[in-house]
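*Asks:* for reference, the sequence and a predicted model appear below.
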Amino acid sequence: MSHAERPTGQNAIEPLGSGRRARHRRLQHECGLRQQAGIAAAGVAALNAGVDQILVSYDPTQYFTMMNALITANRAGGLTPATLARSARRLAGTAR
């Protein structure tokens, strides 16, 4: 994963770094978990942050909201192709 950055509020950029902690911080920053952005935005941001799988309770409202958001984002170019390709490679390596 490349180094992510976030605005510091002072017209400066602060690197988020790489690795597990950085992915977590990036996920929090991008999907606004601290602001409760919602399941749809969280799912899109999670995939763009490098998450390989998203588990959603089979509550039809949550499941279909998440799936619709992911399909819509993919069709609209809102999911990063390179990130999805890396995830697909990792998942393919675990299949037996």
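*Replies:* Received it, and whenever you're ready, just let me know what you need. Numbers count the residues shown, from 1 in each chain.
*Asks:* got a list of what residue 53 touches?
*Replies:* Counting by CB atoms under 8 Å, 6 or more residues apart in numbering, residue 53 touches residue 91. To be clear about C-beta, it is placed using only N, CA and C from the backbone, and glycine gets the same treatment.
*Asks:* for residue 87, see how far away it is.
*Replies:* Relative to residue 87, residue 53 is positioned 8 Å away (criterion: CB to CB, to the nearest Å).
*Asks:* give me the helix or strand of the chain that scores worst on average pLDDT.
*Replies:* strand 4-7 (a mean of 50; mean pLDDT, DSSP states H and E).
*Asks:* where does the prediction get shaky in the chain?
*Replies:* Low-confidence segments of the chain (pLDDT under 70): 1-18, 24-37, 95-96.
*Asks:* who touches the helix or strand where residue 72 lies?
*Replies:* Following DSSP states H and E, one finds residue 72 within helix 60-75. Taking contacts as CB under 8 Å, 6+ apart, the residues outside helix 60-75 that touch it are 39-41, 43-44, 47, 54, 56-57, 78-79.
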